[in-house]
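*Asks:* Build me a structure from this.
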Amino acid sequence: MSTLQEQQTQLLEPVDRDAQARRLNQISSVLSVVLVIIGVQTVLANSWTNSLLVILAMLAVMAGARLNLRGATDTAIVLVLGTMTAVVSVSLWISQGLYSGALLGYPVILIVAGMVSRLRLFVALLLFMLASVALITCAALFGWQHFVPHPMGLGRMVNVSCILLVCACAVWILANDLRQTMQRLQREIQRVKASEASFTHLAQHDALTNLPNRLLVSDRMEQAIGQARRYGRRAALLYLDLDNFKNINDSLGHDAGDELLKEVAGRLQGAVREMDTVSRQGGDEFLIVLTDVADLDAISAAANHVLNTMTQPFSLKGMQIVTSVSIGVALYPEDGDDFAALLKHADLAMYQAKAEGRNAFRFFDARMNADILERLNLDLGLREALSQQQFVLHYQPIVDIHSGRLLAAEALIRWQHPQRGMVGPDTFIPVAESSGLIVEIGEWVLNEACRQMMVWRAAGLPAFVVSVNLSSVQFRRGNLEALVAAALQRYGLPAECLELELTESLLLQDSERFIDTLYDLKALGVKLSIDDFGTGYSNLSYLQRFRVDKLKIDQSFVRKLQDSPEDRAIVTAIIQMAKSLHLLTIAEGIEDDSTRRLLAQLGCDQGQGYWFARPLMAADFAVFTQRELPAAGLATE
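*Replies:* Take a look at the predicted model:
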């Protein structure tokens, strides 16, 4: 508001440089014409003294105009107004005194002074005029000078008319300036009102989609709750999250992502009633307030309509983009009686919808609150585990399936929880991947496995390879090759002693960036294997394209190998395909000798499972490496 007051003050100031110069130029032009007319009249009337005064006034006006053009506006104003005041005063003294029509010049000069001069000059002129009037009056009273009014005539009419003309022009200029000032003020007031309305709108709406933001939707939700309370109805808050938005944003760019969000906003507004409110919560998350709903069926119908609306393809950059949303629903009064409670519960329900496959909606259930809290506690615990060094690695042997000779050790992470004891990776790895902590955890695993491998080599253990699992999140960070190279260099481990295991689903990315990362890793000299092979969309093309070294047959096929002809056929096909591509095969989950023998007959190269050894602590693994080879049956098949 201070800025507005300053602008209004500037608009109301009577004098500024440009206005002074412009007004003085206008008044000087009028004075020049009027003085010529008065000068002609004085010459015709043989009033030579007044003619000299008029000439003096004209010279002052001309000199003032030149000074004004040169930028000396203040000096020009003093010269013109001072001279005109002096001329009028002398004219009064030598002619008719206060009976003279020249007395009308005083108010005209004051009007002009008010338009163009500063207050100090205005007051000085006024005081001089008052002193002149007092002097003339005293002169008349004490007989110092005799003033006799002349009869009315053409000369007086001309003089008075000219003075009135100057006065009219001055008043018109002043009034016009005031009108322009008022118009500017009105425009400024309208601009400020529009700005205030815009600020209010921006404070309550999302800048990208122009949807109500959290501040406004909170108020709308409270209104819906109040209405539902009065009429015994329900209100619902829907929490929406776009599925796979990050992939779209990363692949097509942020501009396309913003355009998609705008399209989503428009489509959501078209999917609800006018009385309902659609809001953007932030990122790719939206809220919908359903007002005055009767029952769960109506809410379910509204949620299903939103889901169906969002499954229609979007056109972005000449491509058809298909996406979906996951929706969590919280109800008033069942799930909360204010916006904060409903928002929290709708958020939890949305995460449940995502966990159950996405492109769905779920109502809040108190039981899911416990599940989400468990995930949050795990997330906090994982962060503490990193800082407190609560993670440990166990190592499971990978052996030659025919001879039993140790070939590799798979590093498997465990969480040594201070209260819960030893926690397996199935419990915390999904949480770590969703939170992004898997990157830091994966880096720790890589460095710890390389460190332990060098300890074993220094202790003179038989030569073998250490195998480390990689997460897709680690690939997306873009610095995996640098991390691997740094770990190898830090511990002086030869690259051929490290094997990296990739999940089959990770290979389906098939992006240039992913391929470049794989080639960089291969250039380091490390080995690559595909974990859980056969559970994804297996095909020959990416096996050839990505230059992997080994295929690890998933244990779900291995465990049913002897009883299921279908699983035996799958395992046989994987082994034969690997041999045709000159790849090694590893079977995981071998728990008995008969399974090992059957895999050996099918042509599998390596094995891993409880039949050979469970995952072992580093010290126990060192002992395992010194064992005798198993009895007959392994060396000869």
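*Asks:* what's in contact with the helix or strand harbouring Leu130?
*Replies:* Using DSSP states H and E, Leu130 maps to helix 119-142. Helix 119-142 is contacted by residues 77-78, 81-82, 85, 89, 92-93, 97-98, 106, 109-110, 113-114, 117, 144-147 when judged by Cβ atoms under 8 Å, 6 or more residues apart in numbering. C-beta coordinates here come from the backbone N, C-alpha and C atoms, glycine included.
*Asks:* try 7 Å
*Replies:* Applying Cβ atoms under 7 Å, 6 or more residues apart in numbering, the external contacts of helix 119-142 come out as 77-78, 81, 85, 89, 92-93, 97-98, 106, 109-110, 113-114, 145, 147.
*Asks:* Can you point out the buried residues in that helix?
*Replies:* Across helix 119-142, burial judged by 16 or more other Cβ atoms under 10 Å covers 121-122, 124-125, 128-129, 132-133, 135-136.
*Asks:* Need the buried ones from the contacts of helix 119-142 selected in ChimeraX.
*Replies:* Typed into ChimeraX, the next command selects the buried ones out of the contacts of helix 119-142 (criterion: 16+ other Cβ under 10 Å):
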select :77,78,81,85,89,92,93,97,106,109,110,113,147
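*Asks:* among the contacts of helix 119-142, which are in strands?
*Replies:* Using DSSP state E, no member of those falls in strands.
*Asks:* quick one: which of the contacts of helix 119-142 sit in helices?
*Replies:* Those of these mapping onto helices are 77-78, 81, 85, 89, 92-93, 106, 109-110, 113-114, per DSSP state H.
*Asks:* now these in TSV, with pLDDT and distance to Asn377?
*Replies:* Putting those into TSV (pLDDT from 0 to 100; distance: Cβ to Cβ, whole Å) gives the following:
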residue	pLDDT	distance to Asn377
Ile77	79	81
Val78	81	84
Leu81	78	86
Thr85	80	91
Ser89	80	96
Leu92	77	100
Trp93	80	103
Tyr106	79	91
Ile109	79	88
Leu110	78	85
Ala113	78	82
Gly114	76	79
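*Asks:* wait, which of these is closest to Pro418?
*Replies:* Pro418 lies nearest to Gly114 out of the ones in helices among the contacts of helix 119-142, by Cβ to Cβ, at 86.8 Å.
*Asks:* want to throw the buried residues of helix 119-142 into a markdown table with distance to Gln416 and pLDDT?
*Replies:* As requested, the buried residues of helix 119-142 are arranged in a markdown table below (distance: Cβ to Cβ, whole Å; pLDDT from 0 to 100):
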| residue | distance to Gln416 | pLDDT |
| --- | --- | --- |
| Leu121 | 91 | 83 |
| Phe122 | 91 | 81 |
| Ala124 | 94 | 86 |
| Leu125 | 96 | 82 |
| Phe128 | 101 | 86 |
| Met129 | 101 | 82 |
| Ser132 | 106 | 82 |
| Val133 | 107 | 83 |
| Leu135 | 110 | 85 |
| Ile136 | 112 | 80 |
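*Asks:* how much space between the residue nearest to Ile590 when sequence neighbours are not counted and Ile586?
*Replies:* Of all residues not flanking Ile590 in the chain, Gly609 sits nearest, at 3.4 Å (Cβ to Cβ, 6 or more residues apart in numbering). Distance of Gly609 to Ile586, computed by Cβ to Cβ, to the nearest Å: 10 Å.
*Asks:* Next: Glu188.
*Replies:* Per Cβ to Cβ, Glu188 is found 79 Å from Ile586.
*Asks:* what about the two, which has more around it?
*Replies:* Ile586 (28 against 14; other Cβ atoms under 10 Å).
*Asks:* mind checking the SS state of that one?
*Replies:* Of the three states, Ile586 takes strand under DSSP: H, G, I helix; E, B strand; the rest coil.
*Asks:* For it, give me its contacts.
*Replies:* By Cβ under 7 Å, 6+ apart, the contact set of Ile586 is 398, 550, 552-553, 605-608.
*Asks:* change it to 6 Å
*Replies:* 550, 552, 606 (Cβ atoms under 6 Å, 6 or more residues apart in numbering).
*Asks:* So which of these is the closest to Ser218?
*Replies:* Lys552 (51.6 Å).
*Asks:* Can you verify my assumption that the closest one contacts Asp531?
*Replies:* Yes - Lys552 lies in contact with Asp531 (Cβ atoms under 6 Å); the separation is 5.0 Å.
*Asks:* which residues are in contact with both of those two?
*Replies:* If you check Lys552 and Asp531 against Cβ under 6 Å, 6+ apart, no residue is contacted by both.
*Asks:* more crowded one of these two?
*Replies:* Remark: of Lys552 and Asp531, Lys552 carries more neighbours, 26 against 23, as counted by other Cβ under 10 Å.
*Asks:* which SSE is the more buried one in?
*Replies:* Counting by DSSP H and E, Lys552 is found in strand 550-553.
*Asks:* tell me the average confidence for that strand?
*Replies:* For strand 550-553, mean pLDDT is 90.
*Asks:* quick one on the thing from earlier: ok, of the ones in helices among the contacts of helix 119-142, which one's closest to Leu35?
*Replies:* Leu35 lies nearest to Ile109 out of the ones in helices among the contacts of helix 119-142, by Cβ to Cβ, at 13.4 Å.
*Asks:* Show me where the stretch 151-300 of the chain has its helices.
*Replies:* Along the stretch 151-300 of the chain, counting by DSSP state H, counting those that start in this stretch, helices occupy 154-204, 214-231, 245-252, 254-271, 296-310.
*Asks:* Let me know which of those helices is the nearest to Ala458.
*Replies:* It is, among the helices of the stretch 151-300 of the chain and with distance given as Cβ to Cβ, helix 245-252, at 42.9 Å.
*Asks:* which parts of that closest one are buried?
*Replies:* 245, 248-249, 252.
*Asks:* between these, which is nearest Met454?
*Replies:* Each of the buried residues of helix 245-252 was scored against Met454 by Cβ to Cβ, and Asn249 proved nearest at 41.1 Å.
*Asks:* so what's the closest one up against?
*Replies:* Counting by Cβ under 6 Å, 6+ apart, Asn249 touches Gly257.
*Asks:* so where's the stretch 151-300 of the chain uncertain?
*Replies:* Along the stretch 151-300 of the chain, the model assigns pLDDT under 70 to residues 151-160, 162, 167-168, 170-172, 174-175, 197-198, 200-203.
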